[in-house]
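> with the sequence up front, the predicted model follows.
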Amino acid sequence: MRTVEIEARAKVNLGLEVLAKRDDGYHDIDTIFQTISLSDTLRLSPSPDGTISLETSGIPVPGGPANLAVRAAEAIVAASGCRGPAISLEKRIPVGAGLGGGSADAAAVLVGMDALFGLGLPAHALLGLALSIGSDVPFLIRGGTSRGRGRGEILERLSPLAGLWFVLVTPPFEVSAGEAYRRARIRLTGRSPFIRLNCSAIQNGDPEALARGLENDLEAGVVSSYPEVGQAKARLLESGAMAAVMSGSGSTVVGIARTEEDAHNIESRLAGRDWLIHVAEPIDAGCTIRHEGAASERASS
């Protein structure tokens, strides 16, 4: 039986500005997305009875429609009339952590089902389905380094990020995105230039300038409810990170390190807390499809 294996990459936000609330209930944002080496693995095959099924291992996640991978499969079935897949998910990306783990799984299912069933969906159709599932799903299909505006779906590709590593610290609790946005700092007196300056730092290959400009308008509100997020940021800075910022709506805090060795040294200094800690590098790719038994792999375009 044909099986498709897909790597679903996590993302971090290298700065996030929250703007006005929209008529559809979302907020306009301005952010920099970056995919990283931390990933989930999904394996898809045609379901024997044509229905959608999901088996999981690793970090526990909900099943059924509450899981974005299942919702993505339902969207593809409804749009194309194909049969449902049997999905096996090996979960490594922390849940409710601002790393886009559920959205990455949804992106992987969309790309994987298109390949598995030979649907040949045009890019605009795939991205439209992605947006119907979540604001950051379109980015996570393509990955790399991008500025995201609107809900996060208006993407401007930036130069690949180089010259730094990440240390991710995830406290042992989830943060609701809805709660984070309700407590967000909304800029009422005009936009800040920090996202534009961070884009310039990336384009110029200047990680120090990027580190100086890291801000997240959701961070203060989350820290007021979850002080441990602030403690994680402080410990990263004390342990040698160039800078640290909460990713997305939290709870993960991202520390910036110059080299892989620096990142692992920071990691070793953070031992002793019940935090999940990952060392990761920026990856210039999103969902990567790997056909089992084949020697080659291709990144989704």
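Ah, there it is.
> list the buried ones in the lengthiest helix in the chain?
Of all segments of type helix in the chain, defined using DSSP state H, the longest is helix 101-116. Neighbour counts using 16 or more other CB atoms under 10 Å place 101-116 of helix 101-116 among the buried residues. Quick note: C-beta positions are derived from backbone N, CA and C, even for glycine.
> return the member of those residues nearest to residue 76.
residue 113 (4.6 Å; CB to CB).
> who are the contact partners of that closest one?
Applying CB atoms under 8 Å, 6 or more residues apart in numbering, we find residue 113 in contact with 44, 72-73, 76, 82, 85, 119.
> now the residues you listed as a markdown table including secondary structure and distance to residue 247?
Output for the contacts of residue 113, formatted as a markdown table (DSSP: H, G, I helix; E, B strand; the rest coil; distance: CB to CB, whole Å):
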| residue | secondary structure | distance to residue 247 |
| --- | --- | --- |
| 44 | strand | 27 |
| 72 | helix | 22 |
| 73 | helix | 27 |
| 76 | helix | 28 |
| 82 | coil | 34 |
| 85 | strand | 30 |
| 119 | coil | 32 |
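> and which of those residues is nearest to residue 35?
Of the contacts of residue 113, the one sitting nearest to residue 35 (CB to CB) turns out to be residue 72, at 17.6 Å.
> check contacts around the closest one.
Applying CB under 8 Å, 6+ apart to residue 72 gives the contacts 105-107, 109-110, 113, 129-130, 133, 137.
> mind running it again at 10 Å?
Residues in contact with residue 72 (CB atoms under 10 Å, 6 or more residues apart in numbering) are 52, 87, 102-103, 105-113, 129-130, 132-134, 137.
> of the contacts of residue 113, grab the buried ones for ChimeraX.
Buried subset of the contacts of residue 113, written as a ChimeraX selection, criterion 16+ other CB under 10 Å:
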select :44,72,73,76,82,85,119
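> just the contacts of residue 113 now: which is nearest residue 95?
Of all these, residue 95 sits closest to residue 72, with 16.4 Å by CB to CB.
> next up, the contacts around residue 43.
Contacts of residue 43 by CB under 10 Å, 6+ apart are 3-6, 55, 85-90, 112, 290, 292.
> pull the most distant pair out of those residues.
Among the contacts of residue 43, 55 and 290 lie farthest apart (CB to CB), at 18.5 Å.
> more crowded one of those two?
Comparing residue 55 with residue 290 by other CB atoms under 10 Å, the one with more neighbours is residue 290, at 16 against 11.
> ok, what's across the strand from that one?
Using DSSP bridges, the beta-bridge partners of residue 290 come out as residue 5, residue 297.
> what's the distance between it and residue 222?
35 Å (CB to CB, to the nearest Å).
> go on, residue 236?
Residue 236 is 16 Å from residue 222, by CB to CB.
> again with residue 253
Separation of residue 253 from residue 222 (CB to CB): 10 Å.
> mutual contacts of these two, please.
Both residue 253 and residue 222 are contacted by 98, 216, 229-230, 246, under the criterion CB under 10 Å, 6+ apart.
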